[in-house]
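Participant: A predicted structure for the sequence below; I have some questions about it.
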Amino acid sequence: MPAHTRADKAATAVVQVGPPPVTNKRPQRNHLIPSWVLKVTMAVTGTLWAAFIAIHLFGNLKVFQGAQAYNHYAHWLREAFYPLLPKLSVLWAMRVVLGLALLAHICAAAMIWWRGREARGPHRAKIRGARAWGAWLMPLTGILIGCFIVIHVLDLTLGLGIQSAGFAAPISDESFAYENLVASFRRPAMACFYSLVMLLLAIHVAKGFTTMASDLGAMGRRWRATLALIGGLLAVAILLGNGAIPILVLTGVLS
Ligand code: HEM
């Protein structure tokens, strides 16, 4: 007979005693900044830096035209668009934008990494072998590139602490960027460090462009292939262009 009355229903109800059953579901967190905002931030700031790296690489190739051409380009950077704009204003605008972009890129990367770790929980499976290297590839290369930027600016822009013995700061109408670069790369440790970092940067950029395709939701095959191609071409250019300069100086081809 089906249970019709209240008393019947109460008698047939299943009473839960003790703590609720354990499930695999972790409580949902409402983050102040949604994860998609962090991913878009990484994509935009990464693209900004990739654009700067491509332009800087193009400028660095002037090294093959000799000291005069390279120094002229370095001097032009300081006075770009003068007298329309005050001297150094373009350079300072670029420094501020790149500095903020780098800060946002690092903060967003750290937050995404931390959220991924939290979401996998305390009993996450240990990944080993090639997959473990894959997981560490971007954070590790990113940290090393960050250290490189600091060393590079101290070495060739500010001439502080680790600069070569003959470092000369630019004067009002002349730059000595070529001489500083050659003096710096004559030091074997510095030349090897630069070339090694160019290899890491090439890997970071190539992988970064494929990750960006996923993060921006580029589902179409053509979009993904185009972004992977841009990243791949920039990576090869970094290796062949930037990576070659320290080696050519060290071996005496450039002097
Ligand atoms: C072999 C490769 C490279 C060479 C030969 C090189 C050369 C130079 C030189 C000569 C300067 C100083 C220009 C001046 O003060 O007149 C400079 C500045 C700079 N470079 Fe590089 N660079 C290389 C790679 C890179 C890479 C890969 C990055 C970024 C990831 C980078 C970021 C910068 C930055 C941020 C500055 C400072 C610009 C400023 O504030 O004045 N460089 N570079």
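Facilitator: Right, received. Where do you want to start?
Participant: does the closest residue to residue 185 other than its chain neighbours belong to a helix or a strand, and which?
Facilitator: Once flanking residues are discounted, residue 185 sits nearest to residue 249: 3.7 Å by Cβ to Cβ, 6 or more residues apart in numbering. To be clear about C-beta, it is placed using only N, CA and C from the backbone, and glycine gets the same treatment. Following DSSP states H and E, one finds residue 249 within helix 244-250.
Participant: buried stuff in that helix?
Facilitator: Neighbour counts over helix 244-250 (16 or more other Cβ atoms under 10 Å) mark 244-250 as buried.
Participant: dump those into a markdown table; add distance to the ligand and pLDDT as well.
Facilitator: Shown next, in a markdown table, are the buried residues of helix 244-250 (distance: Cβ to the nearest ligand atom, whole Å; pLDDT from 0 to 100):
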| residue | distance to the ligand | pLDDT |
| --- | --- | --- |
| 244 | 8 | 96 |
| 245 | 4 | 98 |
| 246 | 6 | 98 |
| 247 | 10 | 97 |
| 248 | 10 | 97 |
| 249 | 9 | 97 |
| 250 | 12 | 96 |
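Participant: that older thread, what is the helix holding residue 249 packed up against?
Facilitator: For helix 244-250, the packing partners by 3 or more Cβ pairs under 8 Å, 6 or more residues apart in numbering; DSSP states H and E come out as helix 177-185, helix 188-215.
Participant: out of the ones you listed, the one nearest the ligand is which?
Facilitator: Closest to the ligand of those is helix 177-185 (Cβ to the nearest ligand atom; 4.1 Å).
Participant: how far away from the center of its chain is the closest one?
Facilitator: 25 Å (Cα atoms, centre = their mean, to the nearest Å).
Participant: residues making contact with it?
Facilitator: Contacting residues not belonging to helix 177-185 are listed as 63, 66-67, 70-71, 73-74, 155-156, 159, 163-168, 170, 190-191, 194, 245-246, 249-250, 254-255 [Cβ atoms under 8 Å, 6 or more residues apart in numbering].
Participant: relative to helix 188-215, how tilted is that helix?
Facilitator: 110 degrees (axes from the mean of the first three to the mean of the last three Cα atoms, to 10 degrees).
Participant: list the buried residues of helix 177-185.
Facilitator: Neighbour-count burial for helix 177-185 flags 177-185 (criterion: 16+ other Cβ under 10 Å).
Participant: near the ligand, from these?
Facilitator: Near the ligand, judged by Cβ under 6 Å from any ligand atom, the entries from the buried residues of helix 177-185 are 177, 181.
Participant: how about the buried residues of helix 177-185 in a markdown table, adding pLDDT?
Facilitator: Formatted as a markdown table, the buried residues of helix 177-185 follow (pLDDT from 0 to 100):
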| residue | pLDDT |
| --- | --- |
| 177 | 97 |
| 178 | 97 |
| 179 | 97 |
| 180 | 97 |
| 181 | 97 |
| 182 | 97 |
| 183 | 97 |
| 184 | 98 |
| 185 | 98 |
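Participant: just the buried ones from the contacts of helix 177-185?
Facilitator: Counted by 16+ other Cβ under 10 Å, the contacts of helix 177-185 give 63, 67, 70-71, 73-74, 155-156, 159, 163-164, 167, 170, 190-191, 194, 245-246, 249-250, 254 as buried.
Participant: residue 201 and residue 87, how far apart?
Facilitator: From residue 201 over to residue 87 the distance is 30 Å, taken as Cβ to Cβ, to the nearest Å.
Participant: now whichever helix in the chain runs longest: buried residues?
Facilitator: Scanning the chain for the longest helix, with DSSP state H as the assignment, gives helix 89-120. Buried positions in helix 89-120, judged by neighbour count with 16+ other Cβ under 10 Å: 90, 101-102, 104-105, 108-109, 111-112.
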